[in-house]
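Engineer: fold the following.
(4 chains)
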Number of protein chains: 2
Amino acid sequence: MATLAQAKQEFIEAWGGHGSAWGINRTMAQIHALLLVSEVALSTEDVMEALEISRGNANMNLRALVEWNLISRTVVKGNRREYFIAEKDAWRIATQIARERRKREIEPMLKTLEGLSAMEIRGEEKKSAEAFRQTIKNLREVTLRADQVISVVAKAGGLAVTKKILKLFVK
Amino acid sequence: MATLAQAKQEFIEAWGGHGSAWGINRTMAQIHALLLVSEVALSTEDVMEALEISRGNANMNLRALVEWNLISRTVVKGNRREYFIAEKDAWRIATQIARERRKREIEPMLKTLEGLSAMEIRGEEKKSAEAFRQTIKNLREVTLRADQVISVVAKAGGLAVTKKILKLFVK
DNA sequence: TGGAATTTTCAGAAAATACTGAAAGATTTG
DNA sequence: CAAATCTTTCAGTATTTTCTGAAAATTCCA
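Structural biologist: Alright, predicted model coming up:
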């Protein structure tokens, strides 16, 4: 049987390991995990110590997490340092990650595909050019629908609503 | 105005660049793109030449793409070599990618969260332990729902069906 | 305003990841 | 079944990504 501290440590390591699944690096995911299971706000120093990382690394990844809106800066009174606190609501965490990845990955991809769609192609190979254009168009359409699915879910009222809607479709 | 070859080249580079968005490396994505826009099956040699990569690299990434079910081996008669051909249907490409990522990323994550949920925690901090357990449970539930959304969409009849269902929810 | 406390930046170092090329292993064919 | 053709493997190398630590910048307070 584990102590609470051990369980938290295990979670931090696991979350760090899975971080690449949603497009962030190990350290960033570990810091996120650390703050997720911390009951109090933590300073850069605290994070450095807990994860045994350098100040630069801590600073950089804390900033990135703030940009992702997964954590926020806060003030602890009687103290000059900056402290950080994580968004704890799992639904909001998930939709926030979805939102960021959409922005960073799907949108640029759609831009690329749209650019290629719009490209005029010269030369004799009419048929081939048409096939190429169609491939791109299809990829664009599918990407667009994936994007919409993500977007619809992220804008759903929350976990309970999603669960109900899913019931209509599952099994 | 670009030639068809130039447009294809541009697509290959772009697709390579976006590859990391869906969990594969640049070369693997480029090979996929090359085969996607190729009207004929290509051999390892062809791929090596087109992308200026080594035999080892070509071989490794072609195998990975076969494992992802994004391309398949084929035979060109009167020829001893192995040739490769890509799945061209955009909907199937997308669902295949979704399926693989689910397997490689979401499932292990659920396993981890379930393991942590099941963990018994000793010590005096009952309240804290309960809060921790709740955090994990919530993350698990949200991950599970995300998984189900992906799964439902991937099993939908195809792009047309998805489009219709989306209409119920968008705007 | 001076200076102590804190945060940010970034060049170089370390670590992780991807690639090469040649050798070994298969497979086909004459 | 031996030679030719093709595929796979993998140790070493190259590239990319991430991290460190110290200096510079900023903020806060007396």
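Engineer: mind checking what secondary structure the single nearest residue of chain A relative to DNA strand D has?
Structural biologist: Nearest to DNA strand D, among the residues of chain A, is A:Gly56, at 1.9 Å (C-beta to the nearest atom of the strand). Bear in mind the C-beta positions are built from the backbone N, C-alpha and C, glycine included. Following DSSP: H, G, I helix; E, B strand; the rest coil, we place A:Gly56 in the helix state.
Engineer: next one: it from chain B, what distance?
Structural biologist: To chain B, A:Gly56 is 24 Å away according to C-beta to the nearest C-beta, to the nearest Å.
Engineer: counting neighbours, what do you get for the closest residue to A:Asn61 other than its chain neighbours?
Structural biologist: With sequence-adjacent residues excluded and distances taken as C-beta to C-beta, 6 or more residues apart in numbering or on different chains, A:Asn61 is closest to A:Met28, at 4.3 Å. The local packing count at A:Met28 equals 21, with neighbours defined by other C-beta atoms under 10 Å in any protein chain shown.
Engineer: do A:Thr95 as well
Structural biologist: A:Thr95 has 23 nearby residues by other C-beta under 10 Å.
Engineer: A:Val66 now?
Structural biologist: Neighbour tally, A:Val66, other C-beta under 10 Å: 13.
Engineer: check which residues of the helix or strand containing it are buried.
Structural biologist: Using DSSP states H and E, A:Val66 maps to helix A:55-67. Along helix A:55-67, these residues count as buried under the neighbour rule (16 or more other C-beta atoms under 10 Å in any protein chain shown): A:58, A:61-62, A:64-65.
Engineer: show me where chain A has strands.
Structural biologist: Here chain A has its strands, by DSSP state E, at A:2-3, A:42-43, A:71-75, A:82-86, A:121-122.
Engineer: same question for the last one, mean pLDDT?
Structural biologist: What that stands for is strand A:121-122. For strand A:121-122, the mean pLDDT works out to 95.
Engineer: which elements pack onto it?
Structural biologist: The contact analysis (3 or more C-beta pairs under 8 Å, 6 or more residues apart in numbering or on different chains; DSSP states H and E) places strand A:121-122 against helix A:126-155, strand B:2-3.
Engineer: to B:Ile136, which of the ones you listed lies closest?
Structural biologist: Checking the helices and strands packed on strand A:121-122 against B:Ile136 by C-beta to C-beta gives helix A:126-155 as the closest, at 21.8 Å.
Engineer: and that closest one, what other elements does it pack with?
Structural biologist: helix A:90-101, helix A:107-118, strand A:121-122, helix B:4-18, helix B:90-101, helix B:126-155, helix B:159-169.
Engineer: okay, the ones you listed in CSV with distance to B:Glu107 next?
Structural biologist: Shown next, in CSV, are the helices and strands packed on helix A:126-155 (distance: least, C-beta to C-beta, whole Å):
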stretch, distance to B:Glu107
helix A:90-101, 17
helix A:107-118, 25
strand A:121-122, 42
helix B:4-18, 24
helix B:90-101, 10
helix B:126-155, 8
helix B:159-169, 23
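Engineer: tell me how far the residue nearest the centre of chain A lies from B:Ser151.
Structural biologist: Note on chain A: the residue nearest the mean C-alpha position is A:Ile97, at 2.9 Å, using C-alpha atoms, centre = their mean. Going from A:Ile97 to B:Ser151 by C-beta to C-beta, to the nearest Å gives 18 Å.
Engineer: and what of A:Gln30?
Structural biologist: Distance, A:Gln30 to B:Ser151, by C-beta to C-beta: 29 Å.
Engineer: of those two, who's got more company?
Structural biologist: A:Gln30 (24 against 18).
Engineer: residues contacting the spatially closest residue to the more buried one that is not a sequence neighbour?
Structural biologist: Take A:Gln30 and drop its neighbours on the chain: the residue closest to it by C-beta to C-beta, 6+ apart is A:Gly16, 3.8 Å away. Each residue near A:Gly16 by C-beta atoms under 8 Å, 6 or more residues apart in numbering or on different chains is listed here: A:26-27, A:29-30, A:33.
Engineer: before we move on, what about A:Ile106?
Structural biologist: So A:Ile106 contacts A:143, A:146-147, A:150, B:21 (C-beta under 8 Å, 6+ apart).
Engineer: do that again at 6 Å, thanks
Structural biologist: Shown in contact with A:Ile106 (C-beta atoms under 6 Å, 6 or more residues apart in numbering or on different chains): A:Asp147.
Engineer: likewise the one 3 residues further on?
Structural biologist: Residues near A:Met109 by C-beta under 6 Å, 6+ apart: A:143, B:18.
Engineer: let's see 8 Å
Structural biologist: A:143, B:18, B:21.
Engineer: and the gap between the last one and A:Glu67?
Structural biologist: To tie it back to what came earlier, the one meant is B:Ala21. Taking C-beta to C-beta, one finds B:Ala21 at 18 Å from A:Glu67.
Engineer: let's have the helices and strands packed on strand A:121-122 in JSON lines, adding mean pLDDT.
Structural biologist: As requested, the helices and strands packed on strand A:121-122 are arranged in JSON lines below (pLDDT from 0 to 100):
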{"stretch": "helix A:126-155", "mean pLDDT": "96"}
{"stretch": "strand B:2-3", "mean pLDDT": "94"}
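Engineer: okay, these, which one's buried deepest?
Structural biologist: Most buried of those, by mean neighbour count (mean count of other C-beta atoms under 10 Å in any protein chain shown): helix A:126-155, with a mean of 17.
Engineer: how big is the angle separating that helix from strand B:82-86?
Structural biologist: Interaxial angle of helix A:126-155 relative to strand B:82-86 (axes from the mean of the first three to the mean of the last three C-alpha atoms, to 10 degrees): 60 degrees.
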